[in-house]
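My questions concern the predicted model and sequence given below.
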Number of protein chains: 2
Amino acid sequence: MGISKTEIFTDQQNEISRFAKAFGHPARVAILQHLFKIDACVCGDLVNEIGLAQPTISQHLKELKHLGLIKGSIEGTRVCYCINAKNWTAMKQIMLGFLNQDISTNEECC
Amino acid sequence: MGISKTEIFTDQQNEISRFAKAFGHPARVAILQHLFKIDACVCGDLVNEIGLAQPTISQHLKELKHLGLIKGSIEGTRVCYCINAKNWTAMKQIMLGFLNQDISTNEECC
DNA sequence: TTACTTTATTGCAATATTACGATTAATAGA
DNA sequence: TCTATTAATCGTAATATTGCAATAAAGTAA
């Protein structure tokens, strides 16, 4: 049905999947990588950097902002976006907990 | 259009987003966590563990298998699934590279 | 004011995802 | 053989996502 049954999963599982979903599109990965690369905040030249139309970029930025991974501040007609370092670190801890899971035994089972 | 323009992104960006998309659903997160927890390979009792119908679980397993994160071997009428440790480690390296990005300056910009 | 620049929003089309009932396929056991 | 058991696949409905043209909104500069 295109709708996830979030209610049957733990908060942790839902949180992991919410963050992962944000990274589940190459445009958002590219946006974040670019914001990391350019120390100074970067505005709408993300549209030039990435090859998507302005409304599309704006939509991806909205999602990332909604998740708290980036923040934007208005500077005249432009909007300056950058990584929300604090939230990024918090997200990272959650994702690391998931990625660093380890198998107890060394046996190959399947 | 529901279709991602993968051709305008780097292989790395596409790979990150492909893995992330796999984790972008709580059921798949739950499946992986359960496979990690139960050392011995676990079969279709994932259906009982997680509250989704058998065809739905089977579909999620197929995606994870297709990505190479799990492997399954047939044991009679049952199928035993487990983490593909080697591929998981490789995936982890890629995701860590993305998550561990750092901002060069300490100034808060926005 | 008017013209311009930049970004957000709206509306829509195309495609993808999620979920499950029904069915099929394959094996095990009687 | 016949009958369970288990998992994959098919088909389909509901919903989500992606992308962009058109437009709106909000500021700047003349």
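Yes, it's here.

residues of stretch A:69-83 that come out buried?
A:69-72, A:80-83 (16 or more other CB atoms under 10 Å in any protein chain shown). Where you see a C-beta, it was placed from the backbone N, CA and C, and this is true even at glycine.

How about stretch A:84-104?
Buried, per 16+ other CB under 10 Å, within stretch A:84-104: A:84, A:88, A:91-92, A:95, A:98-99, A:103.

now stretch A:10-25
A:13-17, A:19-25.

how would you label the closest residue to residue A:5 other than its chain neighbours: helix, strand or coil?
Distance criterion CB to CB, 6 or more residues apart in numbering or on different chains; nearest residue to residue A:5, sequence neighbours excluded, is residue B:52 at 6.8 Å. Look at residue B:52: counting by DSSP: H, G, I helix; E, B strand; the rest coil, its state is coil.

about what we covered before: farthest-apart pair in the buried residues of stretch A:69-83, please.
A:69 and A:80 (15.4 Å; CB to CB).

For residue A:5, give me its contacts.
B:27, B:51-52 (CB atoms under 8 Å, 6 or more residues apart in numbering or on different chains).

cool, residue A:95 as well?
Counted by CB under 8 Å, 6+ apart, residue A:95 has contacts A:16, A:19-20, B:95, B:99.

ok, of those, which one's closest to DNA strand D?
The shortest approach to DNA strand D among the contacts of residue A:95 belongs to residue A:20, at 11.5 Å (CB to the nearest atom of the strand).

Any chance of JSON lines for the contacts of residue A:95, columns secondary structure, pLDDT and distance to DNA strand D?
Output for these, formatted as JSON lines (DSSP: H, G, I helix; E, B strand; the rest coil; pLDDT from 0 to 100; distance: CB to the nearest atom of the strand, whole Å):
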{"residue": "A:16", "secondary structure": "helix", "pLDDT": "98", "distance to DNA strand D": "15"}
{"residue": "A:19", "secondary structure": "helix", "pLDDT": "98", "distance to DNA strand D": "13"}
{"residue": "A:20", "secondary structure": "helix", "pLDDT": "98", "distance to DNA strand D": "12"}
{"residue": "B:95", "secondary structure": "helix", "pLDDT": "98", "distance to DNA strand D": "17"}
{"residue": "B:99", "secondary structure": "helix", "pLDDT": "98", "distance to DNA strand D": "19"}
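
do you know how far the spatially most central residue of chain A is from residue B:53?
Against the mean C-alpha coordinate of chain A, by CA atoms, centre = their mean, the closest residue is residue A:22 at 4.3 Å. As for residue A:22, its distance to residue B:53 is 27 Å (criterion: CB to CB, to the nearest Å).

so who does the nearest residue to residue A:67 once chain neighbours are set aside touch?
Using CB to CB, 6+ apart and skipping residues adjacent in sequence, the residue nearest residue A:67 is residue A:22, 5.3 Å away. Listed by CB under 8 Å, 6+ apart, the contact set of residue A:22 reads A:28, A:63-64, A:67, A:69, B:20.
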